[in-house]
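Q: I'll drop the sequence and a predicted model, then ask my questions.
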Amino acid sequence: MRVTCNFSLTEYTGGISRYKQHQFGIVGNVTPCTKTLEEVNLILRESEENRLAKVNSISAEVHEDDERANLQEIAKDGKWEKAC
Ligand SMILES: [Zn+2]
């Protein structure tokens, strides 16, 4: 079976497992693909940034809910009406 790396265009005659070893940079029977590693690093960096953005937006929501909860607490105690 012949496999060609989409990124570095290296040809392999050994099947998909060798190709994967090449793509994921597993040191073994093949030389790791530098092109793929760049791509993978980029994807990993992007997904990490997305994850952080998600975490930030979630914590912002939580903060908002906390504030609303505090206002409800104040309203329950009647302090809110007095304050107005
Ligand atoms: Zn490659």
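A: All right, it came through fine.

Q: what residues are up against the residue at minimal distance from the centre of the chain?
A: Nearest to the mean C-alpha position of the chain, by C-alpha atoms, centre = their mean, lies residue 47 at 2.6 Å. Neighbour list for residue 47: empty [criterion: C-beta atoms under 8 Å, 6 or more residues apart in numbering]. The way it works is simple: take the backbone N, C-alpha and C, and place the C-beta from them, glycine included.

Q: Distance check, it against the ion.
A: 21 Å (C-beta to the ion, to the nearest Å).

Q: Please apply the same query to residue 15.
A: 15 Å.

Q: next one: residue 29
A: 14 Å.

Q: secondary structure element for that residue?
A: Under the criterion of DSSP states H and E, residue 29 resides outside all helices and strands.

Q: Now do the contacts for it.
A: Contact analysis of residue 29 by C-beta under 8 Å, 6+ apart lists 14, 18, 21.
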